[in-house]
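S.K.: pasting the sequence and the predicted coordinates here, then a few questions.
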Amino acid sequence: MPSCSLPINEAIGASERTNFGEDYCTQMKGVAKELGIDVGYIVFLNLIMQIEEVGINCSNWNTTGPTQKDDPGCKDVDPTQSFCYCKHAAAAGAKVEAGGSLFVKKRKVTDGPGMCTSVVAQDASGTIFHGRNLDWNLPEALRSLVADITFTKGGKTLFTGTGAIGFIGFFNGMVGGQWSASINARGKGGKLLTNLLQSLLHKSTTPSMHLRTVLMNSPDFASAVEGLSTGEQIDENYFIVAGAAPGEGAVLARSRHAAIDTWRLNASEPGGWYRLETNYDRTNPVPASDDRRTPGNAAMVAMGQASLAVEPLRSVMHHFPTFNPHTDYTGLFVPKTSYYNSTVWMG
């Protein structure tokens, strides 16, 4: 963590004017106290998705293939091509293949911020299935802290969520018998300064904390979609939501302020039995260097709606490049049956 950001992080953690809220602020302070460290470090952990852009360059961008000059999908997320295309490496004489593709150094598991793939799908009987890969390049020490946490009240299970110890929010979660949701990054997590100012000056929360709040307060799919579609957030993201009844599946593309696109399952549309989201708006092209969308869709079509079940969907989530060297976590969920399965990939 940059030392200059520690006072800002401490101010964010101390400020109960934000939508971190008194409960979440108190939890972060309690974790910091028990660990004997500054609360700023715990705030940093909880803002890890919002500071992804720190240190991104052409050699550590989380890609699944070669970068390509003037790639429309690349320019959509990086208009100046400051990190998506290795123009400096090319100028220094790096090998550029035919067609303009440039391979960069072999990725290390700890390099760069991550990406995700989430899919929500309906089988022929109307049961909704939900799969997600978290491609984040978490260090192994942090991966060892990832855990499924079940919240109960009065002996009754309220919901289950997955996060890391010390991380107040959740990457994904489920209200058993009702709905599940996962988070995918959008817009590379946003600009660092804008995110910090949004946190300090507006009533905003992180998407992972927002998901936790909605898990606590939304008993069904419809209220979950409404809750995840509204509320001020520090950065933009995608929420992929699955329900328990036929047709209950949607991808929500979030700005900092509200959902700007809701892409629902649609049985009357060809291919409308599933929705697959990576980290790019469905109306925009994906970068050639990170096209998990095309092979992911191909894997879903190859499986087919008639074969949709937990294990076939698991196979899709394990298919390259949906599953790739950066994948840290795979989750499979069936809200109707309360099935919730997590795998953390080590090594």
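M.R.: Arrived safely, thanks for sending.

S.K.: mind splitting the chain into its structural domains?
M.R.: Residue ranges for the domains of the chain, per automatic domain parsing: 3-46, 115-344.

S.K.: run through the helices of the chain in chain order.
M.R.: 6-14, 21-35, 39-46, 72-77, 87-91, 140-143, 192-201, 207-217, 221-229, 293-303, 310-317 (DSSP state H).

S.K.: if we can go back for a sec, reformat the domains of the chain as a markdown table; add mean neighbour count.
M.R.: The way it works is simple: take the backbone N, C-alpha and C, and place the C-beta from them, glycine included. As requested, those are exported to a markdown table (neighbours: other C-beta atoms under 10 Å):
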| stretch | mean neighbour count |
| --- | --- |
| domain 3-46 | 17 |
| domain 115-344 | 20 |
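
S.K.: got the phi and psi for residue 79?
M.R.: phi -60, psi -30 (degrees, to the nearest 10).

S.K.: mind checking how far it is from residue 73?
M.R.: 12 Å (C-beta to C-beta, to the nearest Å).

S.K.: who's more crowded, the two?
M.R.: residue 73 (19 against 9; other C-beta atoms under 10 Å).

S.K.: measure the more buried one to residue 134 for me?
M.R.: Counting by C-beta to C-beta, the gap from residue 73 to residue 134 is 21 Å.

S.K.: residue 27 now?
M.R.: 22 Å.

S.K.: with residue 283 instead?
M.R.: 24 Å.

S.K.: how about residue 270?
M.R.: On the measure of C-beta to C-beta, residue 270 and residue 134 end up 30 Å apart.

S.K.: beta-bridge partners for residue 182, please?
M.R.: Beta-bridge partners recorded for residue 182 (DSSP bridges): residue 172, residue 240.

S.K.: so for it, what's the pLDDT?
M.R.: pLDDT for residue 182: 98.

S.K.: now the one 3 residues further on
M.R.: Here, the pLDDT recorded for residue 185 equals 90.

S.K.: and for the one 3 residues further on?
M.R.: We note a pLDDT of 71 for residue 188 in this prediction.

S.K.: quick one: closest of the domains of the chain to residue 67.
M.R.: Closest to residue 67 of the domains of the chain is domain 115-344 (C-beta to C-beta; 4.5 Å).

S.K.: tell me the contacts of residue 36?
M.R.: Residues counted as contacts of residue 36 (C-beta atoms under 8 Å, 6 or more residues apart in numbering): none.

S.K.: next, it: phi, psi?
M.R.: The phi/psi pair for residue 36 (degrees, to the nearest 10) reads phi 70, psi 30.

S.K.: any figure for the gap between it and residue 147?
M.R.: From residue 36 to residue 147 the distance is 21 Å (C-beta to C-beta).

S.K.: again, but for residue 321
M.R.: Look at residue 321 and residue 147: by C-beta to C-beta, they are 27 Å apart.

S.K.: and residue 182, by the same measure?
M.R.: In terms of C-beta to C-beta, residue 182 sits 16 Å off from residue 147.

S.K.: dump stretch 298-316 to PDB, keeping only the CA atoms.
M.R.: The C-alpha coordinates for stretch 298-316 follow below in PDB (Å, rounded to 0.1, in the frame of the first residue of the first chain):
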ATOM      1  CA  ALA A 298     -19.100 -21.400 -27.100                       C
ATOM      2  CA  ALA A 299     -18.700 -23.600 -24.000                       C
ATOM      3  CA  MET A 300     -22.200 -22.800 -22.800                       C
ATOM      4  CA  VAL A 301     -23.600 -23.600 -26.300                       C
ATOM      5  CA  ALA A 302     -21.600 -26.800 -26.500                       C
ATOM      6  CA  MET A 303     -23.000 -27.900 -23.100                       C
ATOM      7  CA  GLY A 304     -26.600 -26.900 -24.100                       C
ATOM      8  CA  GLN A 305     -29.600 -26.200 -22.000                       C
ATOM      9  CA  ALA A 306     -30.700 -29.800 -21.900                       C
ATOM     10  CA  SER A 307     -27.400 -30.800 -20.200                       C
ATOM     11  CA  LEU A 308     -27.300 -28.000 -17.700                       C
ATOM     12  CA  ALA A 309     -26.600 -29.200 -14.200                       C
ATOM     13  CA  VAL A 310     -24.000 -28.500 -11.500                       C
ATOM     14  CA  GLU A 311     -21.300 -30.800 -12.900                       C
ATOM     15  CA  PRO A 312     -21.600 -29.700 -16.600                       C
ATOM     16  CA  LEU A 313     -21.600 -26.100 -15.500                       C
ATOM     17  CA  ARG A 314     -18.500 -26.800 -13.300                       C
ATOM     18  CA  SER A 315     -16.800 -28.200 -16.500                       C
ATOM     19  CA  VAL A 316     -17.600 -24.900 -18.300                       C
END
